[in-house]
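Asks: Task: produce atomic coordinates for the following.
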Amino acid sequence: MGVSVKKLYVKNGLVILIIWILSVGIIGCGNAVAVAGCGNATVASACGNNIGTSVSRNNKSTIIFKNEKINSYIDPKTNHLFVDLEVELVGNEVIFPNLSLSIGAFNKPKPQLGSARLGYTLEGKSMLFITTDITGVLAENSPSNKLLPNGMALPVKNLDYVYAVPVGASNSKFYVGSSNGIYQVGIVIAAREFDDISEYVARPNFFNSLSGGHGVAGTFSGNVTETSGIGIFMPVPY
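Replies: I've put the predicted structure just below:
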């Protein structure tokens, strides 16, 4: 499978990533998890389906997260573990903003560790795309608290540790954690464009399981600006 993750992380004094994939097959969606080779990088992927998971109030669906996909691979130039994540968002009462944000480190000056983009495709779909250097996040930062920007607990339980790094200049964050030796990653977009999201959700913390069973997605809201938004958390396949 290319560069050994065990060798990579022991070298950097970090927690060893155990293999999450239990079987090898053809890349697919739904509940399938598969491994495939792409060029010089080994890629592992998992994805959901077209049904999606919804956040609703009074039984009326307002935001749907669907067609989620996550890939992990070792960059052949740096031997760093990278993760690509994407999800489609559908909101019958929400117009999603167009945002292009960098993922960095709290200690400056530090290199950019990834990027996040929320925007509309040519087909009119609202998509969230994330690419992040996981090795860089762990090497350039220190463990942080396990909280969302509104001060409430993360929707992922039993994490041994969490690294949270800034996304853009707002309270948005990218998270890397570990649970039973398996990496979990997540991103929350907390921007002033979402300050009124509490109008669409009944509770300040409302996350549902993704349709494919890989992770959770939902919304959160706070009392001050840039503490409300959307988020998605998924285990890292390898």
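Asks: which residues in this structure form helices?
Replies: 5-11, 134-140 (DSSP state H).
Asks: Can you flag the weakest of those helices by average pLDDT?
Replies: Among those, helix 5-11 carries the lowest mean pLDDT, a mean of 31.
Asks: what about this structure, any weak spots by pLDDT?
Replies: Across the chain, the ranges flagged by pLDDT under 70 are 1-62, 105-110, 201-204.
Asks: which residues in it form strands?
Replies: In the chain, the strands defined using DSSP state E lie at 33-38, 41-47, 53-57, 60-74, 81-91, 99-103, 114-120, 126-133, 161-166, 173-179, 182-190, 205-209, 216-220, 229-235.
Asks: now these in CSV, with mean neighbour count and distance to residue 141?
Replies: For every residue, glycine as well, the C-beta is placed using N, CA and C. Output for the strands of the chain, formatted as CSV (neighbours: other C-beta atoms under 10 Å; distance: least, C-beta to C-beta, whole Å):
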stretch, mean neighbour count, distance to residue 141
strand 33-38, 15, 28
strand 41-47, 21, 24
strand 53-57, 19, 29
strand 60-74, 21, 19
strand 81-91, 20, 15
strand 99-103, 17, 11
strand 114-120, 17, 12
strand 126-133, 20, 12
strand 161-166, 20, 5
strand 173-179, 22, 9
strand 182-190, 23, 14
strand 205-209, 18, 24
strand 216-220, 24, 22
strand 229-235, 25, 18
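Asks: Kindly reformat those as JSON lines and extend each row with distance to residue 155.
Replies: Listed next are these as JSON lines, based on distance: least, C-beta to C-beta, whole Å:
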{"stretch": "strand 33-38", "distance to residue 155": "21"}
{"stretch": "strand 41-47", "distance to residue 155": "18"}
{"stretch": "strand 53-57", "distance to residue 155": "12"}
{"stretch": "strand 60-74", "distance to residue 155": "12"}
{"stretch": "strand 81-91", "distance to residue 155": "15"}
{"stretch": "strand 99-103", "distance to residue 155": "20"}
{"stretch": "strand 114-120", "distance to residue 155": "18"}
{"stretch": "strand 126-133", "distance to residue 155": "16"}
{"stretch": "strand 161-166", "distance to residue 155": "12"}
{"stretch": "strand 173-179", "distance to residue 155": "11"}
{"stretch": "strand 182-190", "distance to residue 155": "8"}
{"stretch": "strand 205-209", "distance to residue 155": "4"}
{"stretch": "strand 216-220", "distance to residue 155": "5"}
{"stretch": "strand 229-235", "distance to residue 155": "6"}
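Asks: Looking at these, spot the one closest to residue 150.
Replies: strand 216-220 (5.3 Å; C-beta to C-beta).
Asks: any idea of the angle that closest one forms with strand 205-209?
Replies: 160 degrees (axes from the mean of the first three to the mean of the last three C-alpha atoms, to 10 degrees).
Asks: sorry, back to before: tell me which of the strands of the chain sits nearest to residue 144.
Replies: strand 161-166 (4.3 Å).
Asks: Name every sheet partner of the closest one and say whether each one runs parallel or antiparallel.
Replies: Partner strands and pairing direction for strand 161-166 (DSSP bridges) are strand 173-179 (antiparallel).
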